[in-house]
Structure formats: C-alpha cells, structure tokens
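> My questions are about this predicted structure, shown below with the sequence.
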Amino acid sequence: MDLETFIEEALLQIYRGVENANEALNAVRSKKGSTEFPKMFLLSPGADREKGNGVFF
C-alpha cells in the first residue's frame with residue numbers, strides 16, 4: 001500500500017470511528033422527550049493544534 005492510500009484510508013476510518021461512537025452513545029445519552037445531547041466526540045477541521053483542530057500523526 002502506498003503512503004497516499006494509507007493516509008486516505010486511515011483518515012476515513014478515524015472519521016467513521018468517531019461517527020460510530022457518537023451513534024452508539026445516542027441510545028444512552030438522550031434526554032427525556034427524545035431530545036439528544038450534543039455529540040460527545042468531534043473532529044474539528046483545520047490544522048491548528050493549539051485549538052485542538054485537525055488530525056495529527
């Protein structure tokens with residue numbers, strides 16, 4: 001596998017993992033009346049490490 005493909009697949013798996021984790025938590029994190037809490041895990045776009053944005057290797 002070349003580096004470009006590895007990076008693409010790794011980033012897609014990270015994204016899907018975060019989405020799946022949030023979905024799995026929805027069942028236990030909903031308020032009465034079916035209102036959901038905000039997502040527990042977020043991926044912020046950008047590359048500002050000090051602000052917690054982006055994905056770093």
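Right, received. Where do you want to start?
> Provide the secondary structure category for the residue nearest the centre of the chain.
Nearest to the geometric centre of the chain sits residue 18, at 3.1 Å (C-alpha atoms, centre = their mean). Here residue 18 is recorded as helix under DSSP: H, G, I helix; E, B strand; the rest coil.
> right, and it touches residue 44 too?
No: Residue 18 lies out of contact with residue 44 (C-beta atoms under 8 Å); the separation is 11.1 Å. For the C-beta atoms, the positions are set from N, CA and C on the backbone; glycine is no exception.
> re earlier: so what's the residue nearest to the centre of the chain closest to, chain neighbours aside?
Leaving aside its chain neighbours, residue 18 sits nearest to residue 41 (4.9 Å; criterion: C-beta to C-beta, 6 or more residues apart in numbering).
> That neighbour should be in a strand, yeah?
No: using three-state DSSP, the secondary structure at residue 41 is coil, not a strand.
> list the contacts for residue 6?
If you count contacts by C-beta atoms under 8 Å, 6 or more residues apart in numbering, residue 6 has none.
> pLDDT of the helix or strand harbouring it, averaged?
Per DSSP states H and E, residue 6 falls inside helix 3-26. For helix 3-26, mean pLDDT rounds to 92.
> As PDB, could you dump the C-alpha coordinates of that helix?
C-alpha atoms of helix 3-26 as PDB (Å, rounded to 0.1, in the frame of the first residue of the first chain):
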ATOM      1  CA  LEU A   3       1.500   6.300   1.600                       C
ATOM      2  CA  GLU A   4      -1.300   8.200  -0.100                       C
ATOM      3  CA  THR A   5      -3.700   5.300   0.100                       C
ATOM      4  CA  PHE A   6      -2.700   4.600   3.700                       C
ATOM      5  CA  ILE A   7      -3.400   8.200   4.800                       C
ATOM      6  CA  GLU A   8      -6.700   8.300   3.000                       C
ATOM      7  CA  GLU A   9      -7.900   5.000   4.500                       C
ATOM      8  CA  ALA A  10      -6.700   6.000   8.000                       C
ATOM      9  CA  LEU A  11      -8.500   9.300   7.900                       C
ATOM     10  CA  LEU A  12     -11.700   7.700   6.700                       C
ATOM     11  CA  GLN A  13     -11.500   5.100   9.400                       C
ATOM     12  CA  ILE A  14     -10.900   7.800  12.000                       C
ATOM     13  CA  TYR A  15     -14.000   9.700  10.800                       C
ATOM     14  CA  ARG A  16     -16.200   6.600  10.700                       C
ATOM     15  CA  GLY A  17     -15.000   5.500  14.100                       C
ATOM     16  CA  VAL A  18     -15.900   8.900  15.600                       C
ATOM     17  CA  GLU A  19     -19.300   8.800  13.900                       C
ATOM     18  CA  ASN A  20     -20.000   5.300  15.000                       C
ATOM     19  CA  ALA A  21     -19.000   6.100  18.600                       C
ATOM     20  CA  ASN A  22     -21.400   9.000  18.700                       C
ATOM     21  CA  GLU A  23     -24.200   6.900  17.200                       C
ATOM     22  CA  ALA A  24     -23.600   4.200  19.800                       C
ATOM     23  CA  LEU A  25     -23.800   6.700  22.600                       C
ATOM     24  CA  ASN A  26     -27.100   8.200  21.400                       C
END
